[in-house]
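Novice: I need the structure of the sequence given here:
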Amino acid sequence: MTGQRIPVPRLEGVTREQFMQHFYPQRKPLVLEGIDIGACTSKWTVDYLSQVGGTKEVKIHVATVEQMDFISKNFVYRTLPFDKLVQRAAEEKHKEFFISEDEKYYLRSLGEDPRKDVADIRKQFPLLEGDIKFPNFFKDEQFFSSVFRISSPGLQLWTHYDVMDNFLVQVTGKKRVTLFSPRDAQYLYLSGTKSEVLNIDNPDLVKYPLFSMARRYECTLEAGDILFIPALWFHNVISEEFGVGVNVFWKHLPSECYDKTDTYGNKDPKAASRAAQILDRALKTLAELPEEYRDFYARRMVLHIQDKAYSKNFE
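Specialist: Here you go, the predicted structure:
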């Protein structure tokens, strides 16, 4: 038995003003329909992307299973020319492969130097730039990155959160997206930014009993749909068909709040990282006490955090 299932609301023809005034402040997922994202929805076929996208080498995930796990790393990294990646990702069986003829591919595009540069498809794939229009729902100076997502049919991306707001623009194909509120983090068995629960549709409730408490927000994205994913909302994505998506990330907080070395948009804000370090030091200090005292004062610390840090208003 899994938790409550809630459909993500879908709205058509939302303007920038409506989004910013009415929906953005709610900090909840929303599917936007009927937004002009350019000619990409019709132009970005396998043949077109292969020809226009070029032969630039891209780093990809290669998996022999459908549920990719970033914690156990049940995939390998390989490189392919972009045109070859597109062709292979669209195939069910491969004549050329790294591990097996039915292996699956996943691209999360990177900057020129991933250690220093953020991904921006307008820079990495300039010949495709004119085909796509990003939703103009945030200020230019807030823009952080634009990321190509290309996936084989059936591949499932692990449940994780990002620290910036983003639009998942579904250009072609179909995706199923399941989201979980930040308020349900305690039910997701986190390891860093990722959940240990891989099979969210048939979870092992002996190993992960609290997972059944998590509320699932669900939607299916088709060509032209845009999903608003607020920062800190966990999301799990299944590519039901071969398709191309583009994530557009922007800074919801002032720039100085973010880690300047973060090129992926998934490092916790600087204040959160400092607080976690302080908490680690506090727990090491508690370890100097006998178990009975350690247990008692740890519980008091939890109560203190709940009293002082948890928002009573956020739903």
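
Novice: Poorly predicted segments of the stretch 1-150 of the chain, please.
Specialist: By pLDDT under 70, the low-scoring segments of the stretch 1-150 of the chain are 1-2.

Novice: And the contacts of stretch 290-301?
Specialist: Ala282, Leu283, Leu286, Ala287, Leu289 (CB atoms under 8 Å, 6 or more residues apart in numbering). Yep, even glycine has a C-beta here, placed from its N, CA and C like the rest.

Novice: Got the domain ranges for the chain?
Specialist: Domains of the chain are assigned by automatic domain parsing as 5-257, 270-308.

Novice: ok, and which of the ones you listed has the densest surroundings?
Specialist: Across these, the average number of neighbours (mean count of other CB atoms under 10 Å) peaks for domain 5-257, which reaches a mean of 17.

Novice: thought Ile132 was touching Phe167?
Specialist: No. Checked against CB atoms under 8 Å, the pair Ile132 and Phe167 is beyond contact range at 11.7 Å.

Novice: what's the closest non-adjacent residue to Phe143?
Specialist: Trp250 (5.4 Å; CB to CB, 6 or more residues apart in numbering).

Novice: Equivalent analysis for Arg16, please.
Specialist: Phe137 (5.2 Å).

Novice: and the nearest residue to Ser151 once chain neighbours are set aside, what pLDDT?
Specialist: Leaving aside its sequence neighbours, Ser151 sits nearest to Ser239 (CB to CB, 6+ apart; 3.9 Å). Turning to Ser239, the model gives it a pLDDT of 95.

Novice: Now Gly224: which helix or strand?
Specialist: Assigned by DSSP states H and E, Gly224 falls within no helix or strand.

Novice: give the contact list for the residue lying closest to it once chain neighbours are set aside.
Specialist: The shortest distance from Gly224 to any non-neighbouring residue, by CB to CB, 6+ apart, is to Thr41 (5.1 Å). Going by CB under 8 Å, 6+ apart, Thr41 touches Val171, Thr172, Ala223, Gly224.

Novice: Look up how far Thr79 lies from the residue nearest to Phe143.
Specialist: Counting by CB to CB, to the nearest Å, the gap from Trp250 to Thr79 is 29 Å.

Novice: Just the CA atoms of the strand or helix carrying Leu49, as PDB, please.
Specialist: Element membership for Leu49 (DSSP H and E) is helix 46-53. Written as PDB, here are the backbone C-alpha positions of helix 46-53 (Å, rounded to 0.1, in the frame of the first residue of the first chain):
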ATOM      1  CA  VAL A  46      15.700  11.500 -34.500                       C
ATOM      2  CA  ASP A  47      16.900  12.300 -38.000                       C
ATOM      3  CA  TYR A  48      16.900  16.100 -37.500                       C
ATOM      4  CA  LEU A  49      18.700  15.900 -34.100                       C
ATOM      5  CA  SER A  50      21.200  13.500 -35.600                       C
ATOM      6  CA  GLN A  51      22.000  15.800 -38.500                       C
ATOM      7  CA  VAL A  52      21.800  19.200 -36.800                       C
ATOM      8  CA  GLY A  53      22.900  18.300 -33.300                       C
END
